[in-house]
Each structure stands twice: as structure tokens, then as C-alpha cells.
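Q: return atomic coordinates for the entry below.
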Amino acid sequence: MDATFPTDALTVHHSLLTLDTHIDIPWPTGPGPFEDGPRHVDLPKMRRGGMTAGCFVAYVPQAARSPAGEEAAFARAEAMLLAIRAMGEAGGRAETGIAVTLAVSADEIEAAKRDGLLAVVPAVENGYTIGNDLHRLARFAELGAVYMTITHNGHNALADSANPRADLGDREVEHSGISAFGRTAVAEMNRLGMLVDVAHVSRAAMLQLAECSRTPVVSTHSCIRALCDNPRNLDDVQLDALRDVGGVVQVTAVSAFLRPNAKPEAVTVADFADHIDYAVRRIGIAHVGISSDFDGGGWFTGWKDASESPNITAELLRRGYDRAALSLLWGGNFLRCLRAAEAGAE
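A: Numbering: from 1, shown residues only. From the prediction side, this is the model:
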């Protein structure tokens, strides 16, 4: 599908609140967000692609688990969240015609759609950033992070990862899922109103996180294991667990999660929609969503950057999804989970 989108699909797409739940930011340096640059996501591409909002993540890669390493990880995450906030608080640029706002709640994201603004939503990727210090979660929440991805590639103090890091000394299994500290961290995230993101954790950890969180857990960027056997994907038991706690899987655009060992150039919008179809049939439309993982490895033919987002809507319309279903997939289900997290805060 090329960049000339079908008129009916474009009309529907622009009518929707479209939220991409996982986008990486350039760090430590990179083009400014108002610059139409080489990255897969920037504000001009979001505007051209009819996007309402994006969860921009403070991603910190796994490193040695030492007090110094964890302190550096926290400092980086804090600095990245401040940069994400600054992007949302910039207001806009007259020369681009783009107006932007910081949105740290479901209501604020919906208000951005009503007001015709692009919403910047902060989040954190990798619980390694908190080390063994729960107080760091409060700082993340203070800076507006709506979720934290519990692990990345490599185990941390909270939980086992789906991808252990042998180069960092990881055993295949360390906590047999989540640790006692991880359970305490989940309780604190629930208290603060932050969503628990189970993308990247091991199968055992994901099932335990779903059980112990008081509010629905989400997987902000994963695909379906029945269609692509990758440890980062969710199997049927995991999908059922998400459904049973009211959670959502945000199907993502990483080519190797969509087709085994595939390169982006060999993956299509149809492959992506196949994963959505499977999840909808398995656990229902209320528990499935859309994410890109742009600039974190996500893209494929037909969705190479945010400007091509209407191609996803066009393919789903072709498969029979109506506007109400598309509204759930493109953000409604995630916002429901976010509201549950907000309501559960103490």
C-alpha cells in the first residue's frame, strides 16, 4: 500500500483518537522533535500520519547490576523524562503549524484529540532504572510516566526477562518469575497509578505480574507467539491471562516478532493485521491494541514511519473492522487500562 491512502480509510483514520503506545526517543543527542528528520517518529510525521498521541519512553538498556550502574540508569531515565516533558511542553512551532501538549492522563490524551493537539505521553522502559529503591518510582510518576516496562533484555532486581543476558552473567532463570522486591514494586506502581508493562518479561514473570497487580497489566509492544515463536511474544495462556485481568496486548511493528527471523523489508501490513486478528479471535476486541516500537526496532513495509499510519487503518477496514472496533484498537483499550490504573491510585 503506497502513501496515497484510500479516501474512506483516511477519513476514518483522522476521526479516530490514534495512540501509539511505545516510541523511543533519540538519546543523548538527535534531531529535534519538530524536525522532519531521519527517524521513524517526529512530530511532522505524526501530524502527516493522523496520529493523536504517542507514549515516548525513557529507555535505558541493561548494564551491570551494581549500585553505580543502577544510579547511572536512574539518572539517565530522569533526564530522558525531563526531555520528553520538554517536548510536550514546547507548545508548538508556528513555522510547522504543529501544536503539541504534554498529556499524563487518559483525560488529557482525550482532550488533546478534541483540541487538535499532538499529545506527548511519558513512560519508562526497564525497571533496572529503579535498582532497589522504590522512591525512584515516585519520581517517575512525578515526571508524568504513565507506565514502566518491568524489564528489558536482561534480568533485573524486579523480574526475569524473556531474553536473559549471558554477557552480563544472567542465568536462564533467576527469580522464577518476579522477585519479592518486584511484588513490592508492583504494589507501589499500583499506589502511584502507574500501569505495569509486561513486555520483555519472562513467561512466568508475566503471569505472576498479571496476578499480583491490583489493576490491569498491559504489554505495550509484543506480538503473538502462535504466529511467530519468539520469546518476546505472548502465547495463548498469556493472552488469556491478560483478558482475565482486563489487560491489553499492543501488537507491535517489530518484524522479527511478526514473522520468524524476518527483516522489515519482507514484512507487510497484512502480517501485522494477522497478529491483530489472532488476538481478537482469542481474547476479544477489548484486549488488543496497536503500537509501533518506532526508533526501537519497529517498522516494516507499509508502516516504515508514523506518516504511514493510515495504512494500518486501511488494512483493518478491509478486513471488516468497523469504526468502533478501530477506536478500541487505536487507543481506546489502552486508555481504559490507564483509567483503571488512575482509579486504583491511593
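
Q: show me the helices in the chain, by range?
A: For the chain, applying DSSP state H gives helices covering 7-15, 43-48, 67-89, 106-115, 135-142, 180-192, 203-212, 236-244, 255-258, 269-283, 310-318, 323-327, 333-344.

Q: buried residues, the fourth one. List them.
A: The reference is to helix 106-115. 106, 108-110, 112-113 (16 or more other Cβ atoms under 10 Å). Bear in mind the C-beta positions are built from the backbone N, C-alpha and C, glycine included.

Q: which among these gets closest to Gly331?
A: Distance to Gly331 across the buried residues of helix 106-115 (Cβ to Cβ) is lowest for Ile109, with 7.6 Å.

Q: grab the nearest non-local neighbour of that closest one.
A: Nearest residue to Ile109 in three dimensions, chain neighbours excluded: Ala103, at 4.6 Å (Cβ to Cβ, 6 or more residues apart in numbering).

Q: these two touch, right, that neighbour and Ala112?
A: Yes. With contacts counted by Cβ atoms under 8 Å, Ala103 reaches Ala112, the gap being 5.4 Å.

Q: need the residues touching each of those two.
A: 53, 119 (Cβ atoms under 8 Å, 6 or more residues apart in numbering).

Q: would you mind giving both backbone torsions of Ser202?
A: phi -70, psi 160 (degrees, to the nearest 10).

Q: contacts only, for the residue lying closest to it once chain neighbours are set aside.
A: Closest residue in space to Ser202, ignoring its immediate chain neighbours: Asp160 at 4.1 Å, by Cβ to Cβ, 6+ apart. By Cβ under 8 Å, 6+ apart, Asp160 lies in contact with 151, 173-178, 201-202, 204-205.

Q: go with 7 Å
A: 173-175, 177, 201-202, 204-205 (Cβ atoms under 7 Å, 6 or more residues apart in numbering).

Q: do the same with Thr149
A: Thr149 neighbours (Cβ under 7 Å, 6+ apart): 124-126, 197, 199-200, 220.

Q: quick one, which of those are buried?
A: Applying 16+ other Cβ under 10 Å to those, the neighbour count classes 124-126, 197, 199-200, 220 as buried.

Q: follow-up on the earlier one: could the helices of the chain go into a markdown table alongside distance to Gly296?
A: Supplementary listing: those in a markdown table, determined by distance: least, Cβ to Cβ, whole Å:
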| stretch | distance to Gly296 |
| --- | --- |
| helix 7-15 | 23 |
| helix 43-48 | 15 |
| helix 67-89 | 13 |
| helix 106-115 | 21 |
| helix 135-142 | 19 |
| helix 180-192 | 22 |
| helix 203-212 | 19 |
| helix 236-244 | 21 |
| helix 255-258 | 12 |
| helix 269-283 | 16 |
| helix 310-318 | 18 |
| helix 323-327 | 24 |
| helix 333-344 | 17 |
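
Q: just the pLDDT for the residue located most distally from the centre of the chain.
A: Largest separation from the mean C-alpha position in the chain: Glu95, at 30.0 Å (Cα atoms, centre = their mean). We note a pLDDT of 74 for Glu95 in this prediction.

Q: how near is it to Asp36?
A: As judged by Cβ to Cβ, to the nearest Å, Glu95 and Asp36 stand 12 Å apart.

Q: Ile130 too?
A: Distance from Ile130 to Asp36, by Cβ to Cβ: 35 Å.

Q: between those two, which is the more surrounded one?
A: A count of neighbours by other Cβ atoms under 10 Å puts Ile130 above the other of Ile130 and Asp36, at 25 against 14.

Q: shaky segments in the protein?
A: Residue ranges of the chain with pLDDT under 70: 1-4, 94.

Q: and Asp42, how many neighbours does it have?
A: As a burial measure, Asp42 scores 24 neighbours (other Cβ under 10 Å).

Q: so who does the residue lying closest to it once chain neighbours are set aside touch?
A: In space, and not counting its chain neighbours, Asp42 is closest to Pro33: 5.6 Å by Cβ to Cβ, 6+ apart. Pro33 sits next to 42-43, 87 when contact means Cβ under 7 Å, 6+ apart.

Q: which one of those is nearest Ala324?
A: Lowest distance from Ala324 to these (Cβ to Cβ) belongs to Leu43, with 28.4 Å.

Q: got the contact list for the closest one?
A: Contact analysis of Leu43 by Cβ under 7 Å, 6+ apart lists 33-34, 98, 100, 118.

Q: again with Met80
A: Applying Cβ under 7 Å, 6+ apart, the residues contacting Met80 are 25, 27, 58.
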